[in-house]
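Trainee: Need coordinates for the below:
(3 chains)
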Amino acid sequence: MFPLQSEVRFALIIFVLAMIALVFSGELIIDPPISLSSNLLAMNSRAFPFLVLISTVIISFIFLMNAARTSGLWVSRNHSTGSASASKNVWRQYVFLIITVTCALLLTTLGFIATMFLLMVSTAILIGNRNVFQILCVSTLIPVCFYIVVTHVIRTALPEAEIVQRFLAPLIRFLPAF
Amino acid sequence: MMEVFLAGLDAALRVDTFVWISGGLLLGMLMGSLPGFTTTMGMSVLVPISFLVGDPLIGIPFLIGVYKGGIYGGSVPAILIAMPGTGASIATVFDGHELTKQGKSRKALEMGLYASVISDFFSDIFTLVMIVPVGAIVLGFGPPEIASVMFLSLVIIAVTSTGPVMKGLLMLCLGIWFGFIGADPFSGAARYTFGTNQLYDGFHLIPMLIGLFALPEIFNAVKEGDQSNSRIATFVGKHLEFSEFKKSLRTIFRSTAIGTFIGLVPGLGQPIAAMMGYIAAKNSSKTPEKFGKGELDGVAGAEAANNAVNGPTMVPLLTLGIPGDAVTALLLGAFMMQGLRPGPTLLETNGEVVFAILIAMVVANILFLIIGYLTIPLFTKVVTIKRSLLIPVTIMLAFAGTYLARSNPFDIVTLIGFGLVGIAARTAKFDVAPMVMGFILGRELEYSFGQTLALAGDDWLHFAFVERIGMTAVVLATPIIGIFLGVRMNRFRQKAAAGEQG
Amino acid sequence: MRIYRDANFFVGIFLFLGFFSSNAVSEEQFPEKPITLIVPYAAGGSSDLNARVFASFLDDYLGQPVLIKLVPGQAGQKGTLEAVRSKPDGHTLLFTDNYRDQLHRYTFRNSAYDTNTDLVTVARVNYGAIGIIVRGDSIYETWVQLEAAAKLRPGGVTMSHSGLWVAFFVPAIQVMKDLDLQLRMVPYRGGGPAKAALLAGDVDMSMAFPSTIAADAEAGRVRILATAGSERLIPNVPSFVEIGLPPTTGFMHRVVMAPTGISEKRLMTLRKAFSRMQQEQGYQRMMNRLGENTEYLDGTAYEAVRVQQSSDYRELAGSLFSQ
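Mentor: Sure thing, here's the model as predicted:
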């Protein structure tokens, strides 16, 4: 799979997923408890997905055939590079992805400010900032300011741990009411 | 009519109205530039203020100012950090961010502002002058016509995307696929939701946009590794030259026309207008291969079109009392809270109020220009911040903006998910624009098509050729237009490929 | 995904608890912090507007701000679930309507809550009685004519509706069931577009609440052929009962509910505040401006209405299952 050209890989994944979606459309589309007659229901719930999925399958198939015919499916030998800096970069990418996903999952448990702090600090380090003071300052101040603006001015909810909220409550009370 | 108009003119020219409009414009721009904070949200937060003011000639223009400012404001993060502030700025990202990377952020922002102001101005004048006749015509645009226009748009988008047509079509289909995941709009059936509640409403547009456009940029920055002191661009860039601006005047007027038309048709909206404006600009340009690589004309085409939608969108509201989207629904409520009932009778009984509001809208554009121009230097400073600080802030904005849009933790999953899709697509050199448009248009197209089927009943031949000839004409013309554009784009692509190798 | 559902519950409570340090709430002090009114409707719609208006008046009668929390999604289920799961201390309320309360259990899959056991009515804020309308220049001048045409051509008469299982759709289903007609239904996104479709002549008939079409009816653009209820609301226009429908057809009640488990005393405090607010002239004037009436019904009285609806809708749904 890996020596495939990236375009081909992408199209192939779509092709396979579309096929699976088509084959299992019976189970994956769940009808509501009351089924209505055609006078009441404008269009069958399966018609449009079927049309779209079939088109996706056909188009990805044509694309794959075209690619096989013209430029070949596999990446040629000269394309692969194996320098040290390249592998170091790959490591960086994976770390970034893992941290981002983790923070996303922990957003509601740890609270907005804490998660953003972690995310910002790690991103800053990954990009190469070495100024500890700057990193800590920015990573604390900006989420806090944002939190205050959003919850107090715009009055929208942000997930936040109780401790942090109690801590910030007196500060918020100093601000003019909206 | 004329006396009513003059009475309206008299009522509109008051200092406090303009002060409030300016306030609204500024607030709107600030809110629009905050990703995830949609104009609808901002307006609903501010509706109580508009109501407290008590005077419809202040309260309503205030909200309209917020609306206009918001639509323009979305272009700021789109240009500076590749994060569309609202769905309307989707097409501005393509060339806007590239220009920033080339050190031309000021030019891009200024072009966006001038394009937005000019198109808004002219489309507002159109609304003012044509409100009565157009009001009657708007009723003629029903689901069949909407469906056919959307179908045409989809074909145009697929055919004119960057890269081979097959890739564009594939991304389009993928986008439509993402679009129908969720509840069936007719029966409520759960399609591909795997029994989860979160997916029942489908994916939300804002986290998808942020994920598709901003996250890959952030990821690239991380990939490039150690760059402790690099900036996106070392300088803010020079002002937009008049000659550069003049070159795009044609595009701006063309996009104004496109946006005005799309504004009149209920249910289409700014993202579609922006995309159409962009594509039209690309198509009419002598150098279409430059689009997507930092072409000012692209920014002009997108921004002019999305702002031109604002005025005409109010026509169904003011003439028939029918809101076309969430924003006009809010305005309807704001009107009612002031004791005015939009509809045909409003023009008869309180005509001068309606005209006054429209006139205030037209003049507001001048204030728009001034305020926008003054805020640009503030925004452009952003690009001079060290990348290693800016990127963490950007990613925080991505998360925060996503959560802001709907307060739904699942949106974060959408954000990351589409971020991964965006990264994969970029590596595989697939253009994500058709995917986004497929997502937006697919849902609407299915609904309009279903409505059309219901309206047609059994005797569809009669329906298609006698009752709704307009729809049939568009549908038949679509393949012809598609092929014509496709061939033209192909020729340009070959020219570009030859040019690159040469 | 359970973590998110539980977390939402946390969010709702802690966000507002965070503003105040005291946790103990004595009965005399209720309400001692802002009240959240969950509004499970789309932004800018008539329900949103209604809720905002009376929330702003309710502030004064409860002594604490009433904050609107808009939670659209899943046909109202998301917001309702949040209300059901909230702490039943009287500080979280739900704004809803009778279709969601009693009908949607049959039409939408939901295993997370049961409105009958999980929610108790605080008060019914107002109700609307729907009317059947045709275009002003339509060939149908009376309901009898329209009914005859519909019987003659099953599926030939088209009607625009505002969405599945809500205000226009349900009465239409009742009409089709009780009068043995077959209408062809064309969906639209909301009452506004449905009305536009009628005015444009795309459909033969529609439904509307009299307040939204008062101006149009007066100007002759729209003709009302029948109105809900047992009595005539308009001279020379038959009522639903007269044309053969049950007396509860076509009524949409807007209600405020609280999660079960709320103490009787707090429920009384809330109900008293609501009923006093109803008397205020300013409130009545504002609701009139919005085109809504102010027919208040106390919570206990409404519970009886709920029971009636429960059986009505069960019957209606039952008839559809067999199709």
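Trainee: how about the strands in the chain?
Mentor: Assuming you mean chain A. A:29-30 (DSSP state E).
Trainee: The intended chain is chain C.
Mentor: Secondary structure of chain C (DSSP E): strands located at C:35-39, C:66-70, C:92-97, C:119-129, C:131-135, C:158-161, C:184-187, C:205-208, C:222-227, C:251-259, C:297-298.
Trainee: Dead centre of chain A: give me the residue that sits there.
Mentor: Taking Cα atoms, centre = their mean, the centroid of chain A lies closest to residue A:101, which sits 8.2 Å from it.
Trainee: hmm, back to that, residue B:390: which of the strands of chain C is closest?
Mentor: strand C:66-70 (32.7 Å; Cβ to Cβ). Yep, even glycine has a C-beta here, placed from its N, CA and C like the rest.
Trainee: pLDDT averaged over that closest one, what's the number?
Mentor: Mean pLDDT, computed over strand C:66-70, is 80.
Trainee: re earlier: in terms of mean pLDDT, which of the strands of chain C ranks lowest?
Mentor: Among these, strand C:66-70 scores lowest, with a mean of 80.
Trainee: what's the distance between stretch B:407-416 and the middle of its chain?
Mentor: Mean-position distance between stretch B:407-416 and its chain equals 22 Å (Cα atoms, centre = their mean, to the nearest Å).
Trainee: Where do the domain boundaries of the chain fall?
Mentor: Here I'm looking at chain A. As assigned by automatic domain parsing, chain A contains the domains A:6-79, A:86-174.
Trainee: you looked at the wrong chain, it should be chain C
Mentor: Here the domain parsing of chain C from automatic domain parsing is C:2-128+C:253-321, C:131-243.
Trainee: circling back to that earlier point, okay, the strands of chain C in TSV with distance to chain B and mean neighbour count next?
Mentor: Shown next, in TSV, are the strands of chain C (distance: least, Cβ to the nearest Cβ, whole Å; neighbours: other Cβ atoms under 10 Å in any protein chain shown):
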stretch	distance to chain B	mean neighbour count
strand C:35-39	11	24
strand C:66-70	8	21
strand C:92-97	15	25
strand C:119-129	15	22
strand C:131-135	11	25
strand C:158-161	7	25
strand C:184-187	4	24
strand C:205-208	12	26
strand C:222-227	11	23
strand C:251-259	15	22
strand C:297-298	24	18
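Trainee: would you list those in a markdown table and tack on distance to residue B:33?
Mentor: Below are those laid out as a markdown table (distance: least, Cβ to Cβ, whole Å):
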| stretch | distance to residue B:33 |
| --- | --- |
| strand C:35-39 | 28 |
| strand C:66-70 | 23 |
| strand C:92-97 | 32 |
| strand C:119-129 | 38 |
| strand C:131-135 | 45 |
| strand C:158-161 | 39 |
| strand C:184-187 | 37 |
| strand C:205-208 | 40 |
| strand C:222-227 | 44 |
| strand C:251-259 | 37 |
| strand C:297-298 | 47 |
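Trainee: Please name whichever of those strands is nearest to residue B:90.
Mentor: Of all the strands of chain C, it is strand C:66-70 that lies closest to residue B:90, at 24.6 Å by Cβ to Cβ.
Trainee: Give me the residue at the spatial middle of chain B.
Mentor: For chain B, the residue nearest the mean C-alpha position is residue B:88 (2.2 Å; Cα atoms, centre = their mean).
Trainee: Can you classify that one by secondary structure?
Mentor: With DSSP: H, G, I helix; E, B strand; the rest coil as the basis, residue B:88 sits in helix.
Trainee: any chance of the domains of chain C in CSV, plus distance to chain A?
Mentor: Formatted as CSV, these follow (distance: least, Cβ to the nearest Cβ, whole Å):
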stretch, distance to chain A
domain C:2-128+C:253-321, 3
domain C:131-243, 5
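Trainee: Of the strands of chain C, which is nearest residue A:118?
Mentor: Evaluated over the strands of chain C, closeness to residue A:118 peaks at strand C:66-70, with 28.1 Å, by Cβ to Cβ.
Trainee: Show me the one of the domains of chain A that comes nearest residue B:426.
Mentor: Closest approach to residue B:426 among the domains of chain A (Cβ to Cβ): domain A:6-79, 9.6 Å.
Trainee: Rounded mean pLDDT for the closest one, please.
Mentor: The average pLDDT for domain A:6-79 rounds to 84.
Trainee: what distance separates that domain from the centre of its chain?
Mentor: Between the centre of domain A:6-79 and the centre of its chain there are 21 Å (Cα atoms, centre = their mean).
Trainee: Can you give me the separation between the residue nearest to the centre of chain A and residue B:411?
Mentor: Remark: distance between residue A:101 and residue B:411 (Cβ to Cβ, to the nearest Å) = 15 Å.
Trainee: And for residue C:133?
Mentor: As judged by Cβ to Cβ, residue C:133 and residue B:411 stand 40 Å apart.
Trainee: what do you get for residue C:48?
Mentor: From residue C:48 to residue B:411 the distance is 21 Å (Cβ to Cβ).
Trainee: what do you get for residue B:151?
Mentor: On the measure of Cβ to Cβ, residue B:151 and residue B:411 end up 30 Å apart.
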